[in-house]
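K.L.:
Below: sequence and its predicted model.
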Amino acid sequence: MSNLLVALFAMGLIVLLSAQDWQRSVKAVLVLVVLEGALRKWVLPQASQLIYFLKDFVLIGAYLRYFLLSPVQTRIFTQKPFILILVGCMAVWGGVQVFNPSLGSPVIGLFGFKSYFLYVPLVWLVPQMFSTEEKLYQFIRNYLLLLIPVCILAIAQFFSPPTSPLNVYAWGEDGPAVVSSGLGTVRVTGTFSYLTGYATYLLTCLCLLLPVVSRPQPPLWQVLALTEGGLIAVTSFMTGSRGLVLGSVLLIAGYGLLLALTSFSNFSSSARKLVLPGIVSFLAVSQGGRLAFESFWSRVESANDSIAARILSPFTEPFSNFALKGLDGYGLGSTFQANVIIRQVFQLPPGEVIPVYFENEMGRIGLEIGPIGFFLWYGLRIVLLFTLFKVFLQLTHPFLRQLALSIFVYQGVTFIAQMVYNHTANVYHWFFYGFIFLLPYLERVDHWQRAQQPNFLYAQPTHLSSTPHQ
């Protein structure tokens, strides 16, 4: 009982502190996503499960501040109401599935509801976090600095034996053994609890780095960006993740191709700036990261499944899974990997056994919420994806336009990847969806600032209307 009271007090204190400044709290969540695994593995392994939910309580505090204590006129729900309607329909269906009898207890459904919907409000908070393009750029630039120590740690893990204290997962000795890649090397995780989180982080950083490298920067920051690109290239092979390497190739290729088709002048300018980073990354992999590449290629050659089958199976599994429950599903959260622990902690009855193997995200969504929820969920994500593309086509400012393009391609490349139960990807995806509202606003701000300069000469300042900032 005393431990429970201490935990409740700590959670309440975190929510209270987070509610003081919601913008700072959202930024803290993005940092916690990177450092959470280190806290769970090395700092407080005995509190691993509580630390897993730390960022969630920080976000709850930010939401309380924003939705309950912020002026109503600063919110932007009236923009693109169709997205809000789809989110509302999905939330209603998800609320019904929380009480699905197949779960055995609605407690499991509540954890599932958290996984689906807790990060969705970021779509409306993100547009009010940055008032100018320069502030957004500075945040991205500074956030990418985290990549350097994280990748250095990953390199140290790669050259350490599997029994090293550096190579542990979040569950410690009671968890699964560290996964080995080809040539007996470990598959690195950096500061993350598992390699999936680190692979997600690397692809996200690559998404942010592409437009940053193309932007004019001071020499120091350009060198740092080149360093970050080389570290992404080297440690991507150290993860042994074929999905990460293929996703990186598709991200770069899709970004370059769409930029060339829509604005060849911007493409040629960006290409010239990306030649040097490309050469540096190639040399880093071919020379300093030769063992990493050889280890990765050894794993590729020894893999039992094909990449084509892994890409196609997510599109076929949901329809075969629909036959198990008809229009219904097994309930929100029924495939959550931590259900065994949750049932033990809360002494919950067992739920209905799912008779098929599940791993792919789309197949799991089909199992949990049935065909109705499945098409609502992926319909929402398709609408968000094409809205991002529309934003990209409408923007004219080079950095904002290239950032919108990079995020669009990232969302497309990772569309079939794990998101709901990959909390790292979950945070990043909904944070990026907020750029649908943020980037057009920042371009309007830039236009307004340019208009102000001549007007101030004649003492006739103009006003910027229809913005989330007052």
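P.N.:
In hand now; what should we look at?

K.L.:
any low-confidence regions in the chain?
P.N.:
For the chain, the stretches with pLDDT under 70 are 1-4, 72-78, 171-177, 182, 264-288, 305-307, 453-470.

K.L.:
Would you map out the domains in it?
P.N.:
1-70, 76-457 (automatic domain parsing).

K.L.:
Present these as JSON lines; the columns should include mean neighbour count.
P.N.:
In short, each C-beta sits where N, CA and C put it, glycine included. JSON lines is the format used below for these (neighbours: other CB atoms under 10 Å):
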{"stretch": "domain 1-70", "mean neighbour count": "17"}
{"stretch": "domain 76-457", "mean neighbour count": "18"}
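
K.L.:
Could I get the full set of helices for the stretch 101-250 of the chain?
P.N.:
106-117, 122-125, 133-144, 147-158, 195-214, 219-239, 242-262 (DSSP state H, counting those that start in this stretch).

K.L.:
mind giving me CSV with these and columns for distance to residue 452?
P.N.:
What follows is those, written out as CSV (distance: least, CB to CB, whole Å):
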stretch, distance to residue 452
helix 106-117, 40
helix 122-125, 27
helix 133-144, 15
helix 147-158, 36
helix 195-214, 26
helix 219-239, 28
helix 242-262, 30
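
K.L.:
closest to residue 25 out of these?
P.N.:
helix 122-125 (9.6 Å; CB to CB).

K.L.:
For the closest one, what is the distance to the chain centroid?
P.N.:
A distance of 14 Å separates the centroid of the chain from that of helix 122-125, by CA atoms, centre = their mean, to the nearest Å.

K.L.:
what's that helix in contact with?
P.N.:
With contacts defined as CB atoms under 8 Å, 6 or more residues apart in numbering, helix 122-125 is touched by 22, 26, 62-63, 66, 75-77, 83, 427, 430-431, 433-434, 436-437.

K.L.:
These in strands, which ones?
P.N.:
Using DSSP state E, no member of these sits in strands.

K.L.:
Just the ones of those in helices?
P.N.:
Using DSSP state H, 22, 26, 62, 63, 66, 83, 427, 430, 431, 433, 436, 437 are the members of these that sit in helices.

K.L.:
Go through those residues and say which is closest to residue 394.
P.N.:
residue 436 (10.9 Å).

K.L.:
pretty sure the closest one is in contact with residue 394, am I right?
P.N.:
No - between residue 436 and residue 394 there is no contact under CB atoms under 8 Å: 10.9 Å.

K.L.:
what's the first-to-last distance across stretch 416-427?
P.N.:
In stretch 416-427, first residue to last residue: 16 Å (CA to CA, to the nearest Å).

K.L.:
I'd like the numbering to begin with 831 instead of 1 from here.
P.N.:
New numbering, starting at 831: the last item is stretch 1246-1257.

K.L.:
now that stretch, how far from the centre of its chain.
P.N.:
That offset, for stretch 1246-1257, works out to 6 Å (CA atoms, centre = their mean).

K.L.:
what does it rub up against?
P.N.:
859-860, 863, 882, 885, 945-946, 949, 952, 1022, 1026-1027, 1030-1031, 1073, 1077, 1141, 1144-1145, 1165-1167, 1190-1192, 1194-1195, 1244, 1259.

K.L.:
By residue count, tell me the biggest helix in this structure.
P.N.:
In the chain, taking DSSP H as the definition, the longest helix is helix 1191-1224.

K.L.:
ok now the helix or strand that that helix is followed by, how far from the chain's centre?
P.N.:
Later in the chain than helix 1191-1224, the nearest helix or strand by DSSP states H and E is helix 1228-1243. Distance, stretch centre to chain centre, for helix 1228-1243: 14 Å (CA atoms, centre = their mean).

K.L.:
what packs against helix 1228-1243?
P.N.:
Using 3 or more CB pairs under 8 Å, 6 or more residues apart in numbering; DSSP states H and E, the elements in contact with helix 1228-1243 are helix 963-974, helix 1025-1044, helix 1072-1092, helix 1094-1113, helix 1191-1224, helix 1253-1263, helix 1265-1287.

K.L.:
Adding distance to residue 998, write those helices out as TSV.
P.N.:
Putting the helices and strands packed on helix 1228-1243 into TSV (distance: least, CB to CB, whole Å) gives the following:
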stretch	distance to residue 998
helix 963-974	26
helix 1025-1044	12
helix 1072-1092	21
helix 1094-1113	29
helix 1191-1224	26
helix 1253-1263	18
helix 1265-1287	35
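
K.L.:
what about dumping the CA coordinates of stretch 1040-1057 to CSV?
P.N.:
C-alpha atoms of stretch 1040-1057 as CSV (Å, rounded to 0.1, in the frame of the first residue of the first chain):
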residue,chain,number,x,y,z
LEU,A,1040,17.3,16.0,-44.9
PRO,A,1041,15.7,19.5,-45.0
VAL,A,1042,18.1,20.8,-42.4
VAL,A,1043,21.2,19.9,-44.5
SER,A,1044,19.6,21.7,-47.5
ARG,A,1045,19.1,24.9,-45.4
PRO,A,1046,21.8,27.6,-45.2
GLN,A,1047,23.6,27.2,-41.9
PRO,A,1048,26.7,28.4,-40.1
PRO,A,1049,29.7,26.2,-40.8
LEU,A,1050,29.7,24.7,-37.4
TRP,A,1051,26.2,23.5,-37.7
GLN,A,1052,26.8,22.2,-41.2
VAL,A,1053,29.7,20.1,-39.9
LEU,A,1054,27.5,18.8,-37.1
ALA,A,1055,24.8,17.9,-39.6
LEU,A,1056,27.3,16.0,-41.7
THR,A,1057,28.5,14.2,-38.6
